[in-house]
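J.: Turn this into a structure:
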Amino acid sequence: MKINYKNWAFRFAIWIAIINVIVFYLVINTVSLIGDVSYEKTIFYLGILATLMLVLCIIFIIISTIKKESKDYRYWLALTIILFFGIAPILLGYL
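T.: The predicted model follows:
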């Protein structure tokens, strides 16, 4: 049984993007002048889930590179999502 690591990295990357869009939507809708945040636990748990999937995506991309799997659109899209949702926020945090 052969595991296609880039395929799993791609699947995790798509879920990372979906979860981050949902978190963005919840944050935009819950920001108010009163300060009532009704979704703070949901946002917290979705953030943890997105972070875990990001770590798994990075691990699977590294394994895919080590195993020398072919690099198609799934590999490059997963790598782009890792850069966008993983490395860019860290770098932008220092600005």
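
J.: who touches residue 15 in this structure?
T.: For residue 15, the contacting residues are residue 53, by CB atoms under 8 Å, 6 or more residues apart in numbering. For every residue, glycine as well, the C-beta is placed using N, CA and C.

J.: Show the pLDDT at it.
T.: Note on residue 15: pLDDT of 94.

J.: Helices along the chain, start to end?
T.: With helices called from DSSP state H, the chain shows them at 5-30, 40-66, 73-82, 88-93.

J.: Going by neighbour count, which residues in the last one are buried?
T.: Residues of helix 88-93 include none that count as buried (16 or more other CB atoms under 10 Å).

J.: Residues touching that helix, excluding its own?
T.: For helix 88-93, contacts defined as CB under 8 Å, 6+ apart pick out no residues.

J.: Quick check: the residue nearest the centre of the chain vs residue 39, distance?
T.: The C-alpha lying nearest the average C-alpha coordinate of the chain belongs to residue 16 (CA atoms, centre = their mean; 3.1 Å). Taking CB to CB, to the nearest Å as the measure, residue 16 falls 19 Å from residue 39.

J.: With residue 22 instead?
T.: With the distance defined as CB to CB, residue 22 ends up 10 Å from residue 39.
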